[in-house]
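A.B. asks: Here is my input, please return the structure:
(3 chains)
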Amino acid sequence: MFGDYSIGDLGSIFVMQGFAGLILFSVYVLMALGLAIIFGQMGVINMAHGEFMILGAYVTWMTSSFFQSYLPSLFSGYFFLAMILAFFASGALGMLVEWVLIRHLYKRPLDTLLATWGLSLMLQQAYRSIFGAREVGVELPQWMLGSLHVTDSIEVPINGVFVMGLTVLITIAVAYIMYKSRWGRQVRAVVQNRIMAGAVGINTAKVDRYTFALGCGIAGVAGSAFTMIGSTGPTSGQLYIVDTFLVVVFGGAASLLGTIASAFSISQTQSTLEFFTSGSMAKVMTLLAVVGILMLRPQGLFALKVRK
Amino acid sequence: MLIGQQPKPFLLSVEGLTVSFDGFKAVNDLSFYVEENEIRVIIGPNGAGKTTVLDLICGKTKATSGSIEFRGKDLTKLKENQIVKAGVGRKFQTPSIYDDLTVFENLEISYPRGRTVFGALTFTRDAAVRDRVHEVAEMIFLKDRLNMSAALLSHGQKQWLEIGMLLIQDPDLLMLDEPVAGMSVSERAKTAELLNRIIKDRSVLVIEHDMKFVEDIAHKVTVLHQGQILSEGTMEKVKNDPKVIEVYLGH
Amino acid sequence: MNDSRFATRSELIGILVLAALLVVVLPLCLDVFRLNLVAKYLTYAFVALGLVICWGYGGILSLGQGVFFGLGGYCMAMFLKLEASSVENTKIQSTPGIPDFMDWNQITALPFFWKPFHSLTFTIAAVILVPGIFALIIGAAMFKRRVGGTYFAIITQAVAAILTILIVGQQGYTGGINGMTDLRTLKGWDIRPDHAKIVLYFFEVGLLFACIFIAQFVRHSKLGRILVAMRDQEDRVRFSGYSVANFKIFAFCIAAVFAAIGGAMFALNVGFMSPSFVGIVPSIEMVIYTAVGGRLSILGAVYGTILVNFAKTSLSESFPELWLFGLGGLFIAVVLAFPNGLAGIWGDYIQPRISKLIGARKPKSGWTDNSVADGAPAE
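C.D. replies: Take a look at the predicted model:
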């Protein structure tokens, strides 16, 4: 399939598709970060994670519509506010869900999967009832639309760079929270020994709730980024959940670096293949490669050897 | 049994055994030998690598280097179930029994027949199985609890059940990880009696913290410290070894 | 002692009650249209039955059972489609004698992997073997490397996603999103008229009971107890001399083959096969049938499947927007409040009262298998 292109062309294609894949990469990283926190740290499989993302997308869409109608002068800056709102909306929903549902299921990880799947169905229906079945698209402010000319044949979309930058910031913040802050230490303490953590005075219920909310909130931000690559519909989130789980598993759960590396390789493979074959075959080939590698190396890309 | 064939009639020869977890050597160049019909007790402070040694012998953990020879077979090259078939039985630290099955069924599963998929499908509970289960149940003081769900047993009874599950396998080497931990004084005495009864035709490798219990049963004691052997010999000898007193018995 | 090979007395009663319901009551009470609907539901019951063994007993949650349902269904549909695409029937196409969707996609010759499906014997073998071998490969790759639990669930889900995208993408070979439609005859026998639907219904019920018997046999064999034991203490089983992986592979394969039989019956009974029965959503729905019935109950799986689907049909007919809320709520309720599903409710609440009412000596639960143990023989 590479036969018709010269080496120089191929180079440009890889770079262009690489940058085009930036937003997909960002969405994957943000989704996977949220999932990795929830799955890696809490052992909960959140099948409704895609719906938390879509909530963020809807919030972004509503914010943009609001600015368009009432504050057109400030439209160019709405995206920042939208992301913050998306974070808090998804985080708040996550907190509620943890309280109503998840906290009863910490000892039954496979059952969290079923219960959150049920939740995802309900959320999808809720979105359909509230926002309608039609997909909505978000209009981007003018300054995010163009692209930077790097060379004659290479163009880099500005929104991709923007989202990418944001993703880096969020990742650093999450890494700081999980590995450096007092709260992160509490989360890890609870992960390692719930009873002991409770005994030394950590409010484990509260830690669980905020951890889950943080994961969902990040999914909400992923939703904001998502609005740039796809239109938002009630079931859009479902399409991403499997990919994201694969990203988490592929990277080796509980490894932040692994999550990023795996999100990068999966999104870039897919984006590059898309140029050469149809979108669906690119996806099939990517997923097949990931599943194949996981069968050979089930512990994922980055995992420690430990005494079990 | 192979006796007199080899110059060293050891049942188990562990030589140069090393395992490292991400650079940390939990067991470091360890060598020891267990004879036929010997009760060997491994003691040592927490983190000395005792459980890891058992894990290595039964195949739960793969060795980084070194060899474990058992009846002429190198166990480091076998899978867990092959190691069991070779004649090694292992009891875990926390009683691991099948809560959802009855005591009878717990013992029956360990009966060494029908261990393949097809064998398990066509396995029949014949007189030989029932007799053996009853025989073992009597030994482990659970004869009148055969039809009880294993979940309802007391902690001590669960420990016995797991020992029984190993007995029914009739292993040549029985490895027990803290068999009396959490037991009452009377249960402990009964367990010592049980162990002394079951060692007739086999060797036993025991990890235990309870020094009184160790003195009761041990033929020979190996003291582990930081993945290496600190001292080895009779309980009397080990107790008087200044190195041991310093790191272990001294506290 | 004799009956414990296969079923306890009360289980036998449960099987007879189900048989009476499916063979006598439903055919008498329902018109052909509704009966065909039941036939469609029952094709999922095969999947649910397999999940009882694989998930309920073995603790292996597969979220990709739609893959096996689909493989079985597509194998059967390929045979039926070829028979419906005789040169005679397709003479208006630019290439007569190949399925219509191939013609629409400018394919001019039958692809090589379609050719053996002219033979019914091959097709029946393929319905069993293709999914069985596929499950064997996945199972061997995963279980031999100790991948289980949530990881296994995620991987099977990914496989379901891949197969769906592949089927939809390769429409020239598979019929794409619309699937294989317009299936007409089986060896010249028209499968569409009412009397054929009734024959197929009874044939399917027969197959279902064959699978129930197999499941009962597995459950009452030592293998069934080993599966339960593995679910509790995998290491203990391993260090009792069993190859845990092989037992898991067996459970997974049997679930796959059951699902495939269901899929093949779906193609016959419903008259088409499409990717919408392969992907993640149907696969998870099949898990919920099992959960609703009671993940440990073989007969519960059948009842659960019928009830959920019946509720789905009637709810989605009258309140389409409520259905997803209902299904989602059902998932959550079953997981949170009734982890043993209908069978648990029956065993814990209903049956004791019935027994009390009729003053019978307390029997062990019928189609509830909550207590997996049935103990040593009373001597």
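A.B. asks: quick one, what contacts A:Gly223?
C.D. replies: Contact partners of A:Gly223, counting by C-beta atoms under 8 Å, 6 or more residues apart in numbering or on different chains, are A:52-60, A:86, A:90, A:232, A:237. To be clear about C-beta, it is placed using only N, CA and C from the backbone, and glycine gets the same treatment.
A.B. asks: any chance of those residues in a markdown table, plus secondary structure and distance to C:Gly294?
C.D. replies: Conversion of those to a markdown table gives the following (DSSP: H, G, I helix; E, B strand; the rest coil; distance: C-beta to C-beta, whole Å):
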| residue | secondary structure | distance to C:Gly294 |
| --- | --- | --- |
| A:Phe52 | helix | 31 |
| A:Met53 | helix | 34 |
| A:Ile54 | helix | 33 |
| A:Leu55 | helix | 34 |
| A:Gly56 | helix | 37 |
| A:Ala57 | helix | 38 |
| A:Tyr58 | helix | 37 |
| A:Val59 | helix | 40 |
| A:Thr60 | helix | 43 |
| A:Ala86 | helix | 40 |
| A:Ser90 | helix | 35 |
| A:Thr232 | strand | 38 |
| A:Gly237 | coil | 31 |
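A.B. asks: Looking at those residues, state which has the most neighbours.
C.D. replies: A:Gly56 (34 neighbours; other C-beta atoms under 10 Å in any protein chain shown).
A.B. asks: Correct me if wrong: that residue contacts A:Ile84.
C.D. replies: No: under the criterion of C-beta atoms under 8 Å, A:Gly56 lies out of contact with A:Ile84, with a separation of 10.6 Å.
A.B. asks: Taking the stretch 101-250 of chain A, what residue is nearest to chain B?
C.D. replies: A:Lys107 (14.3 Å; C-beta to the nearest C-beta).
A.B. asks: What confidence value was assigned to that residue?
C.D. replies: Model confidence at A:Lys107, expressed as pLDDT, equals 79.
A.B. asks: for the one 3 residues further on, same thing?
C.D. replies: In this prediction, A:Leu110 carries a pLDDT score of 79.
A.B. asks: repeat for the one 10 residues further on
C.D. replies: At A:Ser120, the pLDDT value in this model is 91.
A.B. asks: Now for it: which residues touch it?
C.D. replies: Here A:Ser120 is in contact with A:47-48, A:50-51, A:237-238, A:241, C:328 (criterion: C-beta under 8 Å, 6+ apart).
A.B. asks: Can I get the residues you listed in CSV including secondary structure and distance to C:Tyr349?
C.D. replies: Putting those into CSV (three-state DSSP; distance: C-beta to C-beta, whole Å) gives the following:
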residue, secondary structure, distance to C:Tyr349
A:Met47, coil, 30
A:Ala48, coil, 31
A:Gly50, helix, 37
A:Glu51, helix, 34
A:Gly237, coil, 38
A:Gln238, helix, 36
A:Ile241, helix, 36
C:Gly328, helix, 25
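A.B. asks: residues making contact with stretch A:128-146?
C.D. replies: So stretch A:128-146 is contacted by A:57-58, A:60-61, A:64, A:68, A:75-79, A:157-159, A:162, A:227-228, A:231-234, A:236, C:321, C:324 (C-beta under 8 Å, 6+ apart).
A.B. asks: Any chance of JSON lines for the contacts of A:Gly223, columns distance to A:Ile293 and pLDDT?
C.D. replies: As requested, the contacts of A:Gly223 are exported to JSON lines (distance: C-beta to C-beta, whole Å; pLDDT from 0 to 100):
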{"residue": "A:Phe52", "distance to A:Ile293": "28", "pLDDT": "94"}
{"residue": "A:Met53", "distance to A:Ile293": "25", "pLDDT": "92"}
{"residue": "A:Ile54", "distance to A:Ile293": "29", "pLDDT": "93"}
{"residue": "A:Leu55", "distance to A:Ile293": "32", "pLDDT": "94"}
{"residue": "A:Gly56", "distance to A:Ile293": "30", "pLDDT": "93"}
{"residue": "A:Ala57", "distance to A:Ile293": "30", "pLDDT": "92"}
{"residue": "A:Tyr58", "distance to A:Ile293": "35", "pLDDT": "93"}
{"residue": "A:Val59", "distance to A:Ile293": "36", "pLDDT": "93"}
{"residue": "A:Thr60", "distance to A:Ile293": "34", "pLDDT": "91"}
{"residue": "A:Ala86", "distance to A:Ile293": "33", "pLDDT": "93"}
{"residue": "A:Ser90", "distance to A:Ile293": "31", "pLDDT": "94"}
{"residue": "A:Thr232", "distance to A:Ile293": "32", "pLDDT": "86"}
{"residue": "A:Gly237", "distance to A:Ile293": "25", "pLDDT": "84"}
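A.B. asks: Check those one by one and keep those near chain B.
C.D. replies: Checking these against chain B by C-beta under 8 Å from any C-beta of the partner chain, not one of them is in range.
A.B. asks: As a markdown table, those residues with distance to B:Glu138 would be great.
C.D. replies: Rendered in a markdown table, the data for those read as follows (distance: C-beta to C-beta, whole Å):
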| residue | distance to B:Glu138 |
| --- | --- |
| A:Phe52 | 59 |
| A:Met53 | 62 |
| A:Ile54 | 64 |
| A:Leu55 | 63 |
| A:Gly56 | 65 |
| A:Ala57 | 68 |
| A:Tyr58 | 68 |
| A:Val59 | 69 |
| A:Thr60 | 72 |
| A:Ala86 | 68 |
| A:Ser90 | 62 |
| A:Thr232 | 70 |
| A:Gly237 | 61 |
